[in-house]
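Participant: Generate coordinates for the sequence data below:
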Amino acid sequence: MTTAVLVNPGATPRAEFQLDDIQAAARNAGRDINILNASTIRDIDAAFAKLVQMRADAMLVTTDAFFFTHAPQVVVLAARHTIPTVYFRREFAAAGGLMSYAANPDESYRLLGAYAARILKGEKPGDLPIQRSTNFELVINVSTARALGLEIPPTLLARADEVIE
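Facilitator: A predicted model of the protein is given here:
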């Protein structure tokens, strides 16, 4: 199985950390991944052309504002090339992407608000602990799964936070 990962390499230091985590997970699972870089609209088209050339079976889109801004293009290209793709925001699945798995944005906003309140009350940002969301949500678009010829296991559907028909 060939899996591709779409990443915007120079956007933020987060891209490098994401890739490190993804590559470690792939090694642990005994899988190979192919990194596709995209920083412009043309790069997205080129990445999908390469994805087709390598005959990738699946793709993961890494967290990046650039990809979120160009979600319609990414979702349309994944559908056109029948590539099952996992995204980082529910909006991708709502727009026709196969599935998303990400931190719950409501929890992220709550954490952000709590940090802002503590800073406004006089605490130094450097003294605050680093926190990450612990509440993640899985969204599955079953219409897209059917269009891709995939059957989503009932156990996975049962665990999903949202199933889009």
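Participant: where does Arg90 land on pLDDT?
Facilitator: As summarised for this prediction, Arg90 has a pLDDT of 93.
Participant: Surely it is in contact with Val139?
Facilitator: Yes: counting by C-beta atoms under 8 Å, Val139 is a contact partner of Arg90 at 4.4 Å. Any C-beta I mention is one placed from the backbone N, CA and C, and that applies to glycine too.
Participant: shared neighbours, the two?
Facilitator: Ser100, Glu162 (C-beta atoms under 8 Å, 6 or more residues apart in numbering).
Participant: Point to the helix or strand of the chain where mean pLDDT is at its lowest.
Facilitator: helix 13-29 (a mean of 85; mean pLDDT, DSSP states H and E).
Participant: Following that one in sequence, what is the next regular element?
Facilitator: Heading C-terminal from helix 13-29, the first helix or strand you meet, by DSSP states H and E, is strand 33-37.
Participant: tell me the helices in this structure, going along the chain?
Facilitator: Shown for the chain, the helices assigned by DSSP state H span residues 13-29, 41-53, 65-69, 71-80, 90-94, 105-120, 142-147, 154-159.
Participant: Next, count neighbours for Asn8.
Facilitator: 21 (other C-beta atoms under 10 Å).
Participant: Nearest residue to it in space, ignoring adjacent ones along the chain?
Facilitator: In space, and not counting its chain neighbours, Asn8 is closest to Asp64: 4.4 Å by C-beta to C-beta, 6 or more residues apart in numbering.
Participant: roughly how far apart are the one you found and Asn34?
Facilitator: 18 Å (C-beta to C-beta, to the nearest Å).
Participant: More neighbours: those two, which one.
Facilitator: Asp64 (21 against 13).
Participant: State the pLDDT value of the more buried one.
Facilitator: At Asp64, pLDDT is 91.
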